[in-house]
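*Asks:* fold the following, please.
(2 chains)
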Protein chains: 2
Amino acid sequence: MTIAVTAAPPISSFAQTLSEPAGFGDQSLITSRPDAIRLLGGIPAPQALPLPDIARVSAELWTDRTAATAALQYSSSTGLSGLREWIARREGVDPARIVITNGGLHGLSLAVLTVVERGSSVAVDDPIFPLFLRVLELADGSVRPIPVDPEGLDVAALADRLAGGERISALYTVPDFHNPSQGTLTAQRRRALVELAGQYGFWLVIDNPYRELRFAGQDQGLSAFHGSDRTIVVNTFTKTLGPGWRVGWLVLPESLVDPVVRLRNRLDGHTSTVTQALVEHLLLTDPAWFDTVLAPARRLYRDRAIALADALAVEAPGAFRITRPEGGLFLWPRLTDDRVDAGALAARAADAGVLYQQGAFFSSGADTWESSRHLRLAYGDRTPAELREAARRLAAAL
Amino acid sequence: MTIAVTAAPPISSFAQTLSEPAGFGDQSLITSRPDAIRLLGGIPAPQALPLPDIARVSAELWTDRTAATAALQYSSSTGLSGLREWIARREGVDPARIVITNGGLHGLSLAVLTVVERGSSVAVDDPIFPLFLRVLELADGSVRPIPVDPEGLDVAALADRLAGGERISALYTVPDFHNPSQGTLTAQRRRALVELAGQYGFWLVIDNPYRELRFAGQDQGLSAFHGSDRTIVVNTFTKTLGPGWRVGWLVLPESLVDPVVRLRNRLDGHTSTVTQALVEHLLLTDPAWFDTVLAPARRLYRDRAIALADALAVEAPGAFRITRPEGGLFLWPRLTDDRVDAGALAARAADAGVLYQQGAFFSSGADTWESSRHLRLAYGDRTPAELREAARRLAAAL
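*Replies:* Model prediction:
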């Protein structure tokens, strides 16, 4: 046999447009002390996940021959019907609009591939959940950053740019407990956003993984989004039942169900029947079950959020502008002294034994200054004692 | 609030290129008697799936707090290390070349998106597993059908076309127990195929879901593929542990691991940690376990293959040219009488209470005649008694 003589053929142009990870999520940036306190990711607390119930439901499933056999077989691209119906009831929509996904990121990629024309402009949060920018590379989308303030995306700023002639194929935002900047989009802004989407003909991609984790303030509702024929709502059980399931969902306008299913039929067929069956059993055995899991989880995250916010104020008085979160898993304190070198601070903090994501990683625009004045501190999977120690270490680094 | 006045914006051109399902898999073609015997899909027998072991391993996982907590959290894009190492040992490659997928179809879509340049030509089996043609729409690939005979893909025919000036970015084939046509690619053809890929600079996408289900004949080996730097081997636990897991894997050349991981980071992050942890526990508890599951499964499929092939020969003597399968889940009998209307036969068979996939659905070329003379009969999930009854009904329909 002749030895192959040509170089390996090239990968596709599509694959070549996907960038190397840098900044957010690049663990090589961090030199970690063994005892470092990690405030890095939006990770749910292990204590908040319903292990005993999972063990019980799992035992029930695998010892019921009919149910177990069904769980091991192929299932529908849209998802198990009982699971879709449960989600539809909670969302307040028709079950036909629900498509089960392999988690939130998968929902975002399905949304982007379905509605973002290749190379088109997409308006996004600034600061932003950085992984969405990577997902957007799937459509080689051009980013149009829109500022986010304590009331969420600045919809008036978007309206001005649209009125000025800018055109976009889609807009991306996190409405509840914004990642990274904590704020919640007001009901009024939600309505205005839907109105703009109608007026200018673009899609809304609404990413809402933290929605169920409200522990203060007022819910701003989803009816504006669910009443819109151009809004995709992306959600997941990641922050409530655990990231490891990889079970999430889309709430789609009716017109997008078939296109998303066609895409699904080519990408992966359907979400694991096993994980769907287990989550379905968890949710359906007792209608009140999910809320009985969430109630203590919300208290736990509230206690952690307060512990961190208050400890920072005590340990580093005046150093940060701090807003107590109303939900979610992140604190986004702003440095009050513009002379502090944020990169050097992160390095000193790592040396002092506390790791976090630098605000600059979350900028979606050319001007990273405002984002760089912030720190994203993820408190979900750290105890109050660890969070107080983290605040002491951060104060020492300052 | 003003009511939205524009029509919903268009979906992406990418999404528009994905066709509506037709032919294979379109259940609306079938008017089904309630007692119809379904020989439609490559579905493993429920009796061949290791339910008691799954129940045991599942109970162990969910009552081990450390393991359970890990299973509920995020994990690596490449997959759990113990699972990758087990697969790498069985494949005979370095674990660094294994990426865990959400099943075989997902592996195919990752391969296509990574190596098929948009709009380029791809050589494929004729007849073909029809879902690959749908996956190929993700890259808007142009299909170049290559005949498949009882020794698998006709590599000499491919060589002739390449020598004549045709150029392709990739080739797709199912080497072991071809779907639908039963044959196995010979070791000699495997080597020749790898040589052509080297000589002409294209990628091989080798789809091998039935590989572990050999019950007769000689294994033709994978070393030619695994020794090639331009071959992607796609496999899955679907046919051995069940489709519902949605756990499969890619064996990649080293140069493709990073591109596939980058794509994965944008599409869905990683395969469910829960399903991976359960499959990993199943495989690692006892090194001999997988083979103890496969041995009775292979006997069961052998018995079913023989029952169906022999019953057809007895019930409809001379009507089909039949080859006993050496493995896999399909019989691909050819009608001996060219005057039989294959579409009318399928309709009469459905009326008589037996459902199968028409051979014409599996053609990848413009000329569907040869494929249309065949029936694809899937015997995996039917008992020998059902298969004998199916043969009687098919004979009656003839």
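*Asks:* show me the strands in the stretch 151-300 of chain A, by range?
*Replies:* Taking DSSP state E, counting those that start in this stretch as the criterion, the stretch 151-300 of chain A contains strands spanning A:152-153, A:170-173, A:203-207, A:231-236, A:248-251.
*Asks:* out of those strands, flag the one nearest chain B.
*Replies:* Set against chain B and scored by Cβ to the nearest Cβ, these come closest in strand A:203-207, at 5.9 Å. Using the backbone N, CA and C atoms, a C-beta is placed for each residue, glycine as well.
*Asks:* the closest one and chain B, are they touching?
*Replies:* Yes: part of strand A:203-207 sits close enough to chain B to count as contact by Cβ under 8 Å from any Cβ of the partner chain, namely residue A:203.
*Asks:* assign the closest residue to residue A:79 other than its chain neighbours to helix, strand or coil.
*Replies:* Spatial nearest neighbour of residue A:79, excluding adjacent residues (Cβ to Cβ, 6 or more residues apart in numbering or on different chains): residue A:100 at 2.8 Å. The assignment at residue A:100 comes out as strand when based on DSSP: H, G, I helix; E, B strand; the rest coil.
*Asks:* circling back: I'd like the strands of the stretch 151-300 of chain A laid out as JSON lines, including mean neighbour count and mean pLDDT.
*Replies:* Written out in JSON lines, the entries for the strands of the stretch 151-300 of chain A read as follows (neighbours: other Cβ atoms under 10 Å in any protein chain shown; pLDDT from 0 to 100):
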{"stretch": "strand A:152-153", "mean neighbour count": "26", "mean pLDDT": "98"}
{"stretch": "strand A:170-173", "mean neighbour count": "28", "mean pLDDT": "98"}
{"stretch": "strand A:203-207", "mean neighbour count": "27", "mean pLDDT": "98"}
{"stretch": "strand A:231-236", "mean neighbour count": "26", "mean pLDDT": "98"}
{"stretch": "strand A:248-251", "mean neighbour count": "26", "mean pLDDT": "98"}
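*Asks:* give the contact list for residue A:186.
*Replies:* Residues touching residue A:186, when contacts are defined by Cβ atoms under 8 Å, 6 or more residues apart in numbering or on different chains, comprise A:151-152, A:220.
*Asks:* what's the distance between the residue positioned nearest the centre of chain A and residue A:12?
*Replies:* Taking Cα atoms, centre = their mean as the criterion, residue A:209 is the residue nearest the geometric centre of chain A, at 4.9 Å. Going from residue A:209 to residue A:12 by Cβ to Cβ, to the nearest Å gives 30 Å.
*Asks:* do the same with residue A:236
*Replies:* With distances defined as Cβ to Cβ, the gap from residue A:236 to residue A:12 amounts to 29 Å.
*Asks:* next secondary structure element downstream of the helix or strand of chain A with the lowest mean pLDDT?
*Replies:* Sorted by mean pLDDT, DSSP states H and E, the helices and strands of chain A end with helix A:13-16, the least confident at a mean of 92. Scanning forward in sequence from helix A:13-16, with DSSP states H and E defining helices and strands, the next element found is strand A:37-39.
*Asks:* any part of that next one near chain B?
*Replies:* No: residues of strand A:37-39 are not located near chain B by Cβ under 8 Å from any Cβ, the shortest gap being 12.8 Å.
*Asks:* quick one, helices of the stretch 51-200 of chain A?
*Replies:* When secondary structure is read from DSSP state H, counting those that start in this stretch, the stretch 51-200 of chain A shows helices at A:51-62, A:65-71, A:81-91, A:104-115, A:130-136, A:155-163, A:187-200.
*Asks:* elements contacting the fifth one?
*Replies:* Helices and strands touching helix A:130-136, as assessed by 3 or more Cβ pairs under 8 Å, 6 or more residues apart in numbering or on different chains; DSSP states H and E, comprise helix A:104-115, strand A:121-126, helix B:254-267.
*Asks:* nearest to residue B:372, of the ones you listed?
*Replies:* Evaluated over the helices and strands packed on helix A:130-136, closeness to residue B:372 peaks at helix A:104-115, with 34.4 Å, by Cβ to Cβ.
*Asks:* what are the buried residues along the closest one?
*Replies:* By neighbour count, and taking 16 or more other Cβ atoms under 10 Å in any protein chain shown as the criterion, the buried residues in helix A:104-115 are A:104-115.
*Asks:* so which of the residues you listed comes closest to residue A:305?
*Replies:* Sorting the buried residues of helix A:104-115 by how near they are to residue A:305, with Cβ to Cβ, puts residue A:104 at the top with 21.0 Å.
*Asks:* which residue is the nearest non-sequential neighbour of the closest one?
*Replies:* By the measure of Cβ to Cβ, 6+ apart, the closest residue to residue A:104 outside its immediate chain neighbours is residue A:236, 3.8 Å from it.
*Asks:* mind listing the residues bridging to the one you found?
*Replies:* Beta-bridge pairing of residue A:236 under DSSP bridges involves residue A:248.
*Asks:* count of residues packed around residue A:362?
*Replies:* Counted with other Cβ atoms under 10 Å in any protein chain shown, residues neighbouring residue A:362 total 26.
*Asks:* so can I have TSV of the helices and strands packed on helix A:130-136 showing distance to residue A:353 and mean pLDDT?
*Replies:* Below are the helices and strands packed on helix A:130-136 laid out as TSV (distance: least, Cβ to Cβ, whole Å; pLDDT from 0 to 100):
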stretch	distance to residue A:353	mean pLDDT
helix A:104-115	30	98
strand A:121-126	31	98
helix B:254-267	29	96
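*Asks:* can you name the residue of the stretch 151-300 of chain A nearest chain B?
*Replies:* Nearest residue of the stretch 151-300 of chain A to chain B (Cβ to the nearest Cβ) works out as residue A:198 at 2.3 Å.
*Asks:* can you give me the distance of residue A:45 to chain B?
*Replies:* From residue A:45 over to chain B the distance is 10 Å, taken as Cβ to the nearest Cβ, to the nearest Å.
*Asks:* could you chop chain A up by domain?
*Replies:* When chain A is parsed with automatic domain parsing, its domains come out as A:21-43+A:291-397, A:68-284.
*Asks:* mean pLDDT lowest where, among those domains?
*Replies:* The minimum mean pLDDT among the domains of chain A belongs to domain A:21-43+A:291-397 (a mean of 93).
*Asks:* tell me how far it lies from the chain's centre.
*Replies:* 17 Å (Cα atoms, centre = their mean, to the nearest Å).
*Asks:* what's the answer for stretch A:171-191, then?
*Replies:* Distance, stretch centre to chain centre, for stretch A:171-191: 12 Å (Cα atoms, centre = their mean).
*Asks:* then stretch A:98-110?
*Replies:* If you compare the mean C-alpha spot of stretch A:98-110 with that of the full chain, they lie 11 Å apart, counting by Cα atoms, centre = their mean.
*Asks:* near chain B, which residues of the stretch 201-350 of chain A?
*Replies:* Looking at chain B, the residues of the stretch 201-350 of chain A close enough under Cβ under 8 Å from any Cβ are A:201-203, A:228-230, A:241-247, A:253, A:255-256, A:259, A:262-263, A:265-275, A:277-278.
*Asks:* for residue A:81, give me its contacts.
*Replies:* Taking Cβ under 8 Å, 6+ apart as the criterion, residue A:81 is in contact with residue A:95.
*Asks:* how about the one 10 residues further on?
*Replies:* For residue A:91, the contact set (Cβ under 8 Å, 6+ apart) comprises A:98, A:222, A:226, A:233, A:251.
*Asks:* which one of the residues you listed is nearest to residue A:344?
*Replies:* So of the contacts of residue A:91, ranked by how close each gets to residue A:344 (Cβ to Cβ), first place is residue A:233, at 40.2 Å.
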